[in-house]
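J.: Test case, fold it:
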Amino acid sequence: MRIPELFKSGKTVLSFEIFPPKKDGSIDTVYKTLDGLSDLHPDFISVTYGAGGSLPGASTREITSIIKEKYHTTSIAHLTCINSTKADIDRIIEEFTESGIENVLALRGDLMPDVEPKHDFLHASDLISYMKARSNISFSGACYPEGHTECDDLDEDIDNLKIKVDAGAEHLISQLFFDNSAFYRFLDKARAKGINVPIEAGIMPCVNANSIKRMITMCGASLPEKFTKLIARYGEKPEAMRDAGIAYAADQIIDLAAHGVDGVHLYTMNDPFIARRICESVSSVIKS
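T.: All right, here's what the predicted structure looks like:
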């Protein structure tokens, strides 16, 4: 199924994100994750980008196809473009088509200081425009509730987001955030700019203080007082931090659902236990 179709029912769409194993990891970890998530019945599962697949059978393309064919769940493959040529993308289009992949989350990808980027695709909008003319794939894009770190302000970032949507992005997934009011401000500005595609709120449970601090440094998410107090009190107590982080994420999701958001995208970190705890807390709210 194409992702935009999922939003036509009017209910709050719930989706999960998983990632392929690292080079020294086992593909079995992905299957265990999927086995643990499947009975939670997400509307779709996204698979983050693993360049070329670090292990046999472990590429983004293959895992995305497995989710659709084996687990009978709609799936979407992440695809970055900053280090790809048009020839690379042509090959990927062919592979995706052969694998029956219908949905792609188009991303620029991170700029790496020691890697000279290719110049065929400088932005995700370039990738969407190019692939849309050559495939029947449905495209999604990323958005940043507090603005991309490379933009001067949120208004500039939303102008860029409008370009992405005009290029063909039919659905958006937000970067993580911990202050729902920031997401609501972003949503108001996006709608005022004429961005009317479904926008999902990206939620990452804070279950490890150090990992969250690293993520915040990378994405620039702000920390509300309630959140900083949570880390200060429980950051050195792993079990308490896990439980408090799950509760905080569930509280965010309940508030988002009450505000009628299009959907919630849960960054599972390949941990079915955490995803299950959160889903059990919000399932009746999401379904209402």
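
J.: what does the worst-scoring helix or strand of the chain on mean pLDDT rub up against?
T.: Of all helical and strand segments in the chain, the minimum by mean pLDDT, DSSP states H and E falls on helix 209-219, at a mean of 78. With contact meaning Cβ atoms under 8 Å, 6 or more residues apart in numbering, helix 209-219 is reached by 144, 149, 175-176, 204, 206, 221, 223, 231, 234-236, 241. (C-beta placed from N, C-alpha, C; glycine too.)

J.: how does it look with 7 Å?
T.: Identification of contacts with helix 209-219 by Cβ atoms under 7 Å, 6 or more residues apart in numbering yields 175, 176, 204, 206, 223, 231, 235, 241.

J.: Counting neighbours, what do you get for the residue lying closest to the second one once chain neighbours are set aside?
T.: Translated: residue 176. Counting by Cβ to Cβ, 6 or more residues apart in numbering, residue 176 lies nearest to residue 204, which is 4.1 Å off, once chain neighbours are set aside. Other residues near residue 204 come to 23 when the count uses other Cβ atoms under 10 Å.

J.: Next: residue 195.
T.: 19.

J.: pretty sure it contacts residue 160?
T.: No. Counting by Cβ atoms under 7 Å, residue 195 sits too far from residue 160 to count as a contact (11.0 Å).

J.: before we move on, the earlier item: wait, what's in contact with the residue nearest to residue 176?
T.: Neighbour list for residue 204: 176, 215, 267 [criterion: Cβ under 7 Å, 6+ apart].

J.: Same list (those) but as CSV, adding neighbour count and distance to residue 138.
T.: Listed next are these as CSV, based on neighbours: other Cβ atoms under 10 Å; distance: Cβ to Cβ, whole Å:
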residue, neighbour count, distance to residue 138
176, 21, 23
215, 17, 28
267, 23, 21
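
J.: Low-confidence ranges, the chain, go.
T.: 51-58 (pLDDT under 70).

J.: Can you show me the strands along it?
T.: 13-18, 44-47, 74-80, 103-107, 138-143, 169-176, 199-203, 263-267 (DSSP state E).

J.: right, and those - which one's nearest residue 113?
T.: Among the strands of the chain, the nearest to residue 113 by Cβ to Cβ is strand 74-80 (16.4 Å).

J.: that older thread, just among the contacts of helix 209-219, which is most surrounded?
T.: In terms of neighbours by other Cβ under 10 Å, the contacts of helix 209-219 top out with residue 206 at 25 neighbours.

J.: Report the spatially closest residue to that one, excluding sequence-adjacent ones.
T.: residue 245 (3.8 Å).

J.: residues contacting the one you found?
T.: Residues near residue 245 by Cβ under 7 Å, 6+ apart: 205, 206, 207.

J.: now, which of those residues sits nearest residue 4?
T.: Among the contacts of residue 245, residue 205 lies closest to residue 4 (Cβ to Cβ), at 26.7 Å.

J.: Can you report how many residues lie near that closest one?
T.: 25.

J.: for residue 279, same thing?
T.: Per other Cβ under 10 Å, the neighbour tally for residue 279 reads 21.

J.: returning to that earlier point: okay, buried residues for the least confident helix or strand of the chain please.
T.: Residues 209, 212, 215, 216, 219 are the ones in helix 209-219 that count as buried (16 or more other Cβ atoms under 10 Å).

J.: ditto for stretch 108-123
T.: Using 16+ other Cβ under 10 Å as the burial criterion, the residues of stretch 108-123 that qualify are 108, 109, 120, 121, 123.

J.: Distance-wise, check the residue of the chain most remote from its centre relative to residue 274.
T.: In the chain, counting by Cα atoms, centre = their mean, residue 233 sits farthest out from the average C-alpha position, at 28.8 Å. Remark: distance between residue 233 and residue 274 (Cβ to Cβ, to the nearest Å) = 19 Å.

J.: Ok, residue 23 next?
T.: Residue 23 sits 24 Å away from residue 274, going by Cβ to Cβ.

J.: the more surrounded of these two?
T.: Neighbour tally, residue 23 and residue 274, criterion other Cβ under 10 Å: the higher count belongs to residue 274, 19 against 9.

J.: Just confirm that one contacts residue 207, I think it does.
T.: Yes. Contact between residue 274 and residue 207 holds when scored by Cβ under 7 Å: they sit 6.1 Å apart.
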